[in-house]
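Q: Quick one: sequence and predicted model below, then my questions.
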Amino acid sequence: MKIIKALDYNDMSIKAANIISEQIKIKANSVLGLATGSSPLQIYKHLIDWYKKGELDFSQITSFNLDEYYGLSKENRQSYHYYMYDNLFNHININNQNVHIPDGDNKNAEQECLNYEKAILDVGGIDLQLLGCGHNGHIGFNEPSDIFYPSTHLVKLADSTIQANKRFFESEDEVPKYSYTMGIKTIMHAKKIIMIVSGESKKEIVKRAFFEPITPQVPASVLQLHRNFTLIVDKAAFSLCENI
Ligand code: F6R
């Protein structure tokens with residue numbers, strides 16, 4: 001595990017954006033695993049900016065998102081589909097046919113999950129996976145559990161996740177209770193993984209995930225075992241780990 005210490009959210013974002021940009025420059029047809037949430041927003045702004053300046057070309061890029069709320073259509077403003085187009089895809093030259101996000105509208109979970117896994121395998125796997133970290137240590141929507149669930153699956157969201165994500169919805173009742181998510185094996189098979197974590201509110205989970213034993217109760221802790229994993233963490237989120 002490699003740790004890159006950043007000053008703050010902006011510094012963390014530019015450092016992560018540079019790694020993604022390098023990946024795209026080194027391999028024009030890279031397969032990127034992408035995340036939603038607050039953490040990657042600034043990264044996506046940098047990527048759009050560099051695309052507009054002619055420094056980045058997404059025409060051969062393939063993307064797979066980590067997760068999508070079950071029951072939300074692509075048009076729903078709270079769906080991760082909407083988020084990705086709004087915050088990134090509408091502003092770059094990625095080919096829509098190469099964009100993959102679980103279909104929250106597909107009620108046939110078995111079929112949706114098998115298709116998603118197959119689509120990842122068909123392109124030879126993910127080259128670079130971007131991850132955020134939930135306050136409870138979830139990655140994608142792999143919530144704390146007794147096991148590391150391997151492949152893409154339908155998951156019941158933890159109450160703490162519903163609480164954390166209600167800020168994006170009109171009311172808590174509107175937050176979907178289930179989500180499709182890549183599994184732990186799906187994520188761990190990525191050739192490279194970067195995780196971005198920022199802010200005081202994540203300091204406890206950074207310590208538990210990366211300085212304590214690996215456990216499915218803290219799903220992010222499994223990343224300690226990945227052979228090419230980089231944690232990009234700002235001062236506030238790393239504050240409990242400085243002296244370890
Ligand atoms: C989103 C995702 C989640 C988030 C996590 C952190 O696609 O997979 O695991 O990365 O919930 O969210 P933020 O960045 O909003 O703190």
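A: Yep, it's here. Numbers count the residues shown, from 1 in each chain.
Q: List the buried residues of stretch 19-38.
A: For stretch 19-38, a neighbour-count test (16 or more other CB atoms under 10 Å) marks 19-21, 23-24, 30-37 as buried. All C-beta atoms are positioned from the backbone trio N, CA, C, and that covers glycine.
Q: Tell me the first helix or strand C-terminal of the helix or strand of the chain with the lowest mean pLDDT.
A: Using mean pLDDT, DSSP states H and E, helix 159-165 stands out as the lowest-scoring helix or strand of the chain, at a mean of 91. Next helix or strand after helix 159-165 toward the C-terminus (DSSP states H and E): strand 178-181.
Q: immediately after that next one, which helix or strand?
A: Scanning onward from strand 178-181 (DSSP H and E), the first element met is helix 184-188.
Q: Pro144: neighbouring residues, count only.
A: 17 (other CB atoms under 10 Å).
Q: now swap in the one 3 residues further on and tell me
A: As a burial measure, the neighbour count of Ile147 was computed by other CB under 10 Å and equals 7.
Q: same deal with Lys15?
A: 19.
Q: Going by secondary structure, it is in what exactly?
A: Using DSSP H and E, Lys15 falls in helix 9-26.
Q: does any bit of that helix sit next to the ligand?
A: No: judged by CB under 6 Å from any ligand atom, helix 9-26 stays clear of the ligand, getting no closer than 10.4 Å.
Q: packing partners for that helix?
A: When contacts are defined as 3 or more CB pairs under 8 Å, 6 or more residues apart in numbering; DSSP states H and E, helix 9-26 packs onto strand 2-6, strand 31-34, helix 41-52, strand 128-131, strand 192-197, strand 229-234.
Q: Most tightly packed of those?
A: Among these, strand 128-131 has the highest mean neighbour count (mean count of other CB atoms under 10 Å), at a mean of 26.
Q: Now do the helix or strand that comes right after it, average pLDDT.
A: Next along the chain after strand 128-131, taking DSSP H and E as the criterion, comes strand 153-156. In this model, strand 153-156 has an average pLDDT of 97.
Q: looking at it, His189 is touching Leu121, isn't it?
A: No: contact between His189 and Leu121 fails when scored by CB atoms under 8 Å: they sit 9.2 Å apart.
Q: gap between stretch 227-244 and the chain center?
A: In terms of CA atoms, centre = their mean, to the nearest Å, the centre of stretch 227-244 is found 17 Å from the chain centre.
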